[in-house]
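Trainee: attaching a predicted model along with its sequence, questions to come.
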Amino acid sequence: MKRWYVVQVYAGHEETVKTDLERRIQEEDVQDLFGQVLVPTARMQGIFNVGEEQQDEQLFPGYVLVEMELAPQSMRLVLSSPRAIKFLGGKDPAPLSKKEADRVLSQVRGDVVVASKKSDFVEGSEIDIVDGPFAGFVGIIEKIDEEDEKLTVMVSIFGRMTPVELSFNQVKR
């Protein structure tokens, strides 16, 4: 019975591994052991750019999903791919459960739109500082850096508004 297995590959080479595997499956005539080879991508819904075109993003960078029967020949074919590192689970790869596989496949088909990670912070809103040298102060968010999880907060120090850079975990809404 064919099940979905996760193969770790060099990041950035997912499509190359997929193409290579599909070509080698045809060359070695082992289509009966394999189903789909999939690089899971999904349409990501932007937070602030509502109405803008959605873009495909990889759900699991550095991983490829392979639908196959677990047999020595199929494992050898997958692992002999130059950029494939290993199966998740090591020597005895564990297949994805039916529920996990269905969830990933529904995201790939576009049945579920995946929202980009969203913080709870909004520019111009008031927050309480709970950690660090400014603990106990109240500030107003001036700038949000989602990637580094940092905020630039305006804090009143000696009667003057001063910008202070804080991490997300140092403040509370």
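Mentor: Received it, and whenever you're ready, just let me know what you need.

Trainee: ok, His27 to Gln58 distance?
Mentor: For the record, residue 27 is Glu, not His. As judged by CB to CB, to the nearest Å, Glu27 and Gln58 stand 27 Å apart. Just so you know, the C-beta spots here come from the backbone N, C-alpha and C atoms, and that holds for glycine as well.

Trainee: those two: who's more crowded?
Mentor: Ranked by neighbour count (other CB atoms under 10 Å), Glu27 and Gln58 place Gln58 first, with 16 against 9.

Trainee: just the helices in this protein please.
Mentor: 14-27, 72-79, 98-109 (DSSP state H).

Trainee: quick one: contacts of the longest one?
Mentor: Among residues not part of helix 14-27, those counted as contacts by CB atoms under 8 Å, 6 or more residues apart in numbering are 7, 9, 31, 33-34, 37-39, 58, 61-64, 66, 77-78, 81-84.

Trainee: pull out the buried residues from that helix.
Mentor: Neighbour counts over helix 14-27 (16 or more other CB atoms under 10 Å) mark Glu14, Thr16, Val17, Lys18, Asp20, Leu21, Ile25 as buried.

Trainee: need the max-distance pair from those.
Mentor: Greatest spacing in the buried residues of helix 14-27, by CB to CB: Glu14 and Ile25 (16.6 Å).

Trainee: quickly note the distance from the residue lying closest to Lys86 once chain neighbours are set aside to Ala84.
Mentor: The shortest distance from Lys86 to any non-neighbouring residue, by CB to CB, 6 or more residues apart in numbering, is to Gln8 (5.4 Å). According to CB to CB, Gln8 stands 8 Å off from Ala84.

Trainee: more neighbours: which of the two?
Mentor: Ala84 (20 against 14).

Trainee: would you agree the more buried one is in contact with Val9?
Mentor: Yes - Ala84 lies in contact with Val9 (CB atoms under 8 Å); the separation is 5.3 Å.

Trainee: identify the contacts common to these two.
Mentor: Counting by CB under 8 Å, 6+ apart, the residues touching both Ala84 and Val9 are Val17, Val64.

Trainee: partners of the closest residue to Val155 other than its chain neighbours in the sheet?
Mentor: Closest residue in space to Val155, ignoring its immediate chain neighbours: Gly139 at 4.3 Å, by CB to CB, 6+ apart. Gly139 forms beta bridges with Ile127, Val155, as assigned by DSSP bridges.
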